[in-house]
Each structure stands twice: as C-alpha cells, then as structure tokens.
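Asker: I would like to see how this sequence folds:
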Amino acid sequence: MKSLKEFVKALLWGPDGNPSLTSTMALVAFLSFLLVTAYLVLTDKSWAHYEVFAGVTCGGGLLTQVGGKYINNKSNF
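Answerer: Take a look at the predicted model:
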C-alpha cells in the first residue's frame with residue numbers, strides 16, 4: 001500500500017511528472033471548504049452566505065479539475 005505522501009503527490013503532479021497548477025488549486029479549494037465547514041460546525045456558528053462559499057469552493061474545484069484535464073489532453077485531440 002502506498003503511503004499518504006505518495007498518494008497526495010500523485011494527485012498534485014501531472015502525467016509528465018511536473019506539478020499541476022489546476023490540481024493544486026482544486027485541492028486548496030476543497031481543503032478550505034473542509035476547514036471552514038469544520039470550524040463552523042465545531043464552534044456552532046452560522047454564516048449567512050455559506051451556500052455561496054460551498055458552491056464556489058466545491059463547484060470551482062470541479063470545474064478547475066475538468067479544465068486541467070482538458071489542458072493536459074489538448075494535444076491528444
């Protein structure tokens with residue numbers, strides 16, 4: 001079984017062995033979603049525009065991944 005470090009490296013590095021900016025951006029968006037959500041749950045606070053934040057971080061991360069895959073495979077079309 002691979003270590004967590006190798007797993008994260010495989011997520012962030014592209015097929016050519018170079019770091020992928022779009023994957024890094026998507027991971028940062030997802031981690032910020034998790035951290036802010038955990039903070040709000042643990043402190044029992046509410047945020048009036050949380051649904052906008054959740055939509056932007058999760059939806060934006062998804063679109064960033066799709067865009068990254070398109071950029072990486074652009075030469076294959």
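Asker: please make it C-alpha for all contacts and neighbour counts, starting now.
Answerer: Noted.
Asker: and stretch 64-72, how far out from the chain middle?
Answerer: Its chain's C-alpha centre and that of stretch 64-72 lie 12 Å apart, by Cα atoms, centre = their mean, to the nearest Å.
Asker: and G61, how many neighbours?
Answerer: By other Cα atoms under 10 Å, the residues close to G61 number 21.
Asker: hang on, I meant F7
Answerer: Look at F7: counted by other Cα under 10 Å, it has 11 neighbours.
Asker: helix or strand for it, just tell me which one.
Answerer: Taking DSSP states H and E as the criterion, F7 maps to helix 4-12.
Asker: so which elements touch the helix or strand that comes right after that helix?
Answerer: Counting by DSSP H and E, the next helix or strand C-terminal to helix 4-12 is helix 21-42. Packed against helix 21-42 by the contact rule (3 or more Cα pairs under 8 Å, 6 or more residues apart in numbering; DSSP states H and E) you find helix 4-12, helix 60-73.
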